[in-house]
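Colleague: Quick one, fold the following:
(2 chains)
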Amino acid sequence: MREMDKAFDFKTAQGRWYATWEAAKTFEAKPASGKPPFSMSLPPPNITGNLHMGHALAYSLPDVLARLKRAQGFDVCWVPGVDHAGIATQIIVERKLKEEGTDRHQLGRDRFLERIWAWKDQNQVDIENQLRRLGASLDWSRKRFTMDPDLNRAVRKVFVEAYRQGRIYRGPRMIQWDPVSRTALSDLEVKHVERNGHLWHINYPFADGSGHLTVATTRPETMLGDTAVAVHPEDARYTHLIGKLVRLPLTDREIPVVADGFVDQDFGTGCVKLTPAHDPNDHAAGLRLGLPAIVVIGFDAKMTPAAGAAYAGLDRFECRKKVVAELEALGLLAKVQTHISQVATSDRTGAVLEPLVSEQWFMNVADAAQKALQAVRDGRIAFTPQHHVAVWEHWLTNIQDWCISRQLVWGHRIPAWTCAACGHLHVELEAPTACSECAAAKLDQDPDTLDTWFSSALWPFSILGWPDETADLARYYPNDVMCTSYDIIFFWVARMVMSGLTWTDSIPFRQVYFNSLVRDASGAKMSKSKGNVIDPLEVMDEFGTDALRFTLISMSAPGTDIALSPAKLESSRNFCNKLWNAARFVQMNLTDEVTLSVEPELGEAEYWMIRRLREVLGKVTTALDEFRFHEAADLLYHLVWDDFCATYIELAKINLMNGTVGQKAAILQFLDILLLTLHPMVPFVTEEIHEAVVVDRLPPGEPRLLAERAWPLTHPLLAREGGDISLVPRFQDLLTAFLRLKAEYGVDPAKRVAAACTVLELKPFAEALKAIARLENVDFTATELASPTRVVAVVSGGTIALEMAGLKDPVAEQAKLEKEREKLLKELEPLRGRLADESFVTKAPAAAVAKLRGQAEEKEARLKQIVALLG
RNA sequence: GGGCGUAUAACUCAGCGGUAGAGUGCUACCUUCACACGGUAGAAGUCCCAGGUUCGAAUCCUGGUACGCCCA
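Modeller: Numbers count the residues shown, from 1 in each chain, chains lettered A, B, ... in the order given. Predicted coordinates:
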């Protein structure tokens, strides 16, 4: 048996145990086991980065479930994987190329891809090892990458099917264009940020010279592409102008004044310029009104020749300055207001996006969205916390077609080929060798790739082998639980549900648990620019993985974000250490013949501990089943610290050190049950203790790894009942009363003084009382305790006294007793009042009345004793 | 503009119809043979505000206020 150190050395334990579990295939799914399946898919982390605190949380929680379900006898299949993260990855590798003085155009598509693959291979290893460090009990034999060949096959299958069904189509449309990464984005990837800007009021003179009207705009450079000015059809200020022509300043064009209901009469002047080529609203209005669209800004965010020779080639923001300056010079700038505007930027690059019309692939998801809405409405998919349903409903009922093509190299290539000869479009699973229309052999594949989320949307079933009807798919699909962050509810969860219902005719998972977001100690979002990022890897080094996990778990109250503080991490580390030391104390006092096979000898304290274990274990099991992780953690924290360490071990100390084998066996059983219960949350420290204390004492045939043992809810010991368990809490009260008495009268805590007590039922605890409260002896007697040399206090069911010899100060004692009496009277006042209130007594539930009456009686009894002592 | 969430002890948060809790911090004391990453005792809160429902509201309802997030 190994001697345990004074403190838990998490650094060595963490590395050792994961390797052991992995080698034992503890976490591999066992489809042939005959156990019921329980399955989850790991939200695949991007290959681009390190594990951050969000991952640590999002993976710790399902790991608790996975370990719990495994212990409960399920065949757990938790599939890991990583995501290729199209834009994010390409940006990083391009940055590396730039540092090397080259770029992707110089390298060419194929060599650029080779570079990304090499980078991906290395990063994947890193992130997988970080998942191991976190303790995530994943089935690595089933690990996937979103661009694995069979996952690519699933992507092509969906694309081709959807194309044939008319769900996927290609066409020119206004999309949000990221001029930095040079690709189209979907609406979801657009982030609206508030920027301080201006609202420029510009005079547009009438063509007939009869004055001008004034338009207000936040983007004056786009005026070069204006093809109309719009007013509201019911705006009395302007109705007479509808149909007139204005001369567009800085150009030689004349454009009409038109009417359209979308114009907001209260914004600016109530006149808006229309630039159908560069604004989504104007684009829509242009289509409605049949207006031409003039493209004045290109894909490089520079002005095109159509903007006019004076502006062509200028960056859009340079052009803005020039336009404003020239308008001012011409006296056409009526007014400039400061204005806070919502600017569309790229979620990834932060670049200001440019709405542009471009040829892209789209997916119509209207039908799938209806199915997804229905699945949640009828309860086939349940959300925790439920309030996310409201946002879900809103988004899915207003869903737009999804722009799925990206002008990126890294990703799933779109399986579409155009015949170079006749232009026929072929959408096929495999590259066609000849055109079906004209038999030409030269076919060019679409250079674009698919939105990263296109493959992620298929994740729960593609990783199980879909579209093949594999055994894994039959057994583990749909998944039981999907744990993920609520910030990707649309990006990912909605799309998985839509895809699952469309392509597998099944929900992809039954329950969705949305974890919180992790913030810093003051509640601010962690970001590199703020410098408040807490690195989980560093935390694991400093406090231990178990402490990190326990912290995140115990702060995971549904619906609130987590403010992570060092104080909380310390507290969790201390908790692990407390457990470690309790175990160490037990181990130090166990002889070889004490094993889990020995029949435990039970006394009052043991029956009380059994009751506590049974209650808490029941509550913990329910809490975890209902995703109330924080509640489970809190219950266990107090079970270990207050009940097991502070109360039970203190009471059982004598037995532990000098008791029988049977008495020690009981203590060992309790420790074992605690380890089993805590293991899903803090796997490393529990496995380490298990090895040091329990393994050599296990019954034959029991798994030697804690991670493989059964959840103790149905442990036979927990069913045992006996003794008067109410004595333990009463003993606690008695103990506290003695300690308080010593403290109040300034008795040195270490000084052993003689004591007396009239609560005779607690005599069995006399030895423990003497030891813990440091009393010389305790005289349990029914006779009156008050005496000139003693100080007294009142407890539940009796009186206690300390022998003070010549140190007693009668005046001070009198004052203390009087103070106690005042306190009791003050507490009794509302109780008496409510019990005297007839409407309460008659209308409140009997249990509530009885409870209150009990409290009142207890206090009345104490009061009576105090009054007696005061003479 | 619409929606969601949050306001409880100095801090971070639980509780969400039966009269106020935890962790950390703070005060005093204690190195007692598991643990100072420990122990004992203690101080500390008009549960954001105003109405309403109820025998009873931190908890439910209505209306404010402040902060955060999402969508437009």
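
Colleague: list the contacts for residue A:200?
Modeller: Contacts for residue A:200 (C-beta atoms under 8 Å, 6 or more residues apart in numbering) come out as A:216-218, A:220, A:324, A:327, A:333, A:335-336. Glycine gets a C-beta too; all of them are placed from N, C-alpha and C.

Colleague: would you list those residues in CSV and tack on secondary structure, distance to residue A:668 and pLDDT?
Modeller: Output for the contacts of residue A:200, formatted as CSV (DSSP: H, G, I helix; E, B strand; the rest coil; distance: C-beta to C-beta, whole Å; pLDDT from 0 to 100):
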residue, secondary structure, distance to residue A:668, pLDDT
A:216, strand, 80, 85
A:217, strand, 78, 87
A:218, coil, 73, 87
A:220, helix, 80, 88
A:324, helix, 82, 87
A:327, helix, 87, 85
A:333, strand, 86, 83
A:335, strand, 84, 87
A:336, strand, 80, 85
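
Colleague: Quick check on these: which are buried?
Modeller: Buried subset of the contacts of residue A:200 (neighbour count, 16 or more other C-beta atoms under 10 Å): A:216-218, A:220, A:324, A:327, A:333.

Colleague: Just the closest of those residues to RNA strand B, please.
Modeller: Taking C-beta to the nearest atom of the strand as the measure, RNA strand B sits nearest to residue A:218 out of the buried ones among the contacts of residue A:200, at 13.7 Å.

Colleague: Could you check how far the closest one is from residue A:343?
Modeller: Noted for residue A:218: a distance of 9 Å to residue A:343, by C-beta to C-beta, to the nearest Å.

Colleague: who in the stretch 651-800 of chain A is up against RNA strand B?
Modeller: Within reach of RNA strand B by C-beta under 7 Å from any atom of the strand, the stretch 651-800 of chain A has these residues: A:736, A:739-740, A:743-744, A:748-750, A:774.

Colleague: Among the residues you listed, which lie within helices?
Modeller: Among these, the members found in helices (DSSP state H) are A:736, A:739-740, A:743-744.

Colleague: Which residues are in contact with residue A:652?
Modeller: Residues counted as contacts of residue A:652 (C-beta under 8 Å, 6+ apart) are A:605-606, A:659, A:663, A:666-667.

Colleague: go with 7 Å
Modeller: Going by C-beta atoms under 7 Å, 6 or more residues apart in numbering, residue A:652 touches A:605, A:667.

Colleague: Could you grab the helix/strand/coil label for the one residue in the stretch 1-150 of chain A that gets nearest to RNA strand B?
Modeller: Using C-beta to the nearest atom of the strand, the closest approach of the stretch 1-150 of chain A to RNA strand B is made by residue A:7 at 4.0 Å. Judged by DSSP: H, G, I helix; E, B strand; the rest coil, the three-state class of residue A:7 is coil.

Colleague: end to end, how far does stretch A:160-178 reach?
Modeller: End-to-end distance for stretch A:160-178, by C-alpha to C-alpha, to the nearest Å: 27 Å.

Colleague: quick one: contacts of that stretch?
Modeller: A:159, A:184-185, A:190, A:280, A:283, A:299, A:344, A:346, A:349, A:351, A:353-364, A:403, A:415, A:427-429.

Colleague: list the buried ones in it?
Modeller: Per 16+ other C-beta under 10 Å, stretch A:160-178 contains these buried residues: A:160-163, A:167-168, A:170, A:173-178.

Colleague: same question, stretch A:751-768
Modeller: So for stretch A:751-768, counting by 16+ other C-beta under 10 Å, buried means A:753-759, A:762, A:764-766, A:768.

Colleague: Residues contacting it, please?
Modeller: A:604, A:650-651, A:654, A:727, A:730-731, A:734, A:738, A:747, A:774-782, A:785, A:795, A:797-803.

Colleague: Same question for stretch A:471-487.
Modeller: By C-beta under 7 Å, 6+ apart, the surrounding residues in contact with stretch A:471-487 are A:31, A:37-41, A:43, A:54, A:58, A:61-62, A:65, A:77, A:388, A:460-461, A:464-466, A:492-493, A:506-515, A:517.

Colleague: on that earlier part again, I'd like the list of the contacts of stretch A:751-768 that fall within strands, please.
Modeller: Using DSSP state E, the subset of the contacts of stretch A:751-768 located in strands is A:775-780, A:795, A:798-803.

Colleague: Going through the residues you listed, which ones are buried?
Modeller: A:775, A:778, A:780, A:795, A:798-803.

Colleague: Closest one of the residues you listed to residue A:289?
Modeller: The nearest member of these to residue A:289, counting by C-beta to C-beta, is residue A:795 at 87.6 Å.

Colleague: Need the nearest residue in space to that closest one, chain neighbours excluded.
Modeller: Among residues not flanking residue A:795 along the chain, residue A:737 sits closest, at 4.6 Å (C-beta to C-beta, 6 or more residues apart in numbering).

Colleague: wait, that neighbour sits on residue A:797?
Modeller: No. Assessed by C-beta atoms under 7 Å, residue A:737 is found out of contact with residue A:797, at 11.2 Å.

Colleague: which of these two has more neighbours?
Modeller: Counted by other C-beta atoms under 10 Å, residue A:737 and residue A:797 do not tie: residue A:737 has more neighbours, with 20 against 17.

Colleague: Could you check how far the more buried one is from residue A:604?
Modeller: Distance, residue A:737 to residue A:604, by C-beta to C-beta: 19 Å.

Colleague: same deal with residue A:102?
Modeller: Between residue A:102 and residue A:604 the computed distance is 79 Å (C-beta to C-beta).

Colleague: what's the burial count for the closest residue to residue A:501 other than its chain neighbours?
Modeller: The shortest distance from residue A:501 to any non-neighbouring residue, by C-beta to C-beta, 6+ apart, is to residue A:371 (4.1 Å). By the criterion of other C-beta under 10 Å, residue A:371 has 17 neighbours.

Colleague: Quick check: pLDDT value at residue A:371.
Modeller: The score at residue A:371 is 93. That number is its pLDDT.

Colleague: Could you name the helices and strands sitting against the helix or strand where residue A:115 lies?
Modeller: Element membership of residue A:115 [criterion: DSSP states H and E] is helix A:109-134. Judged by 3 or more C-beta pairs under 7 Å, 6 or more residues apart in numbering; DSSP states H and E, helix A:109-134 is in contact with helix A:53-71, helix A:86-99.

Colleague: Pull out the buried positions in that helix.
Modeller: Under the neighbour-count criterion of 16+ other C-beta under 10 Å, helix A:109-134 has A:112-113, A:115-116, A:119-120, A:123-124, A:127-128, A:130-134 buried.

Colleague: Alright, I will stop here.
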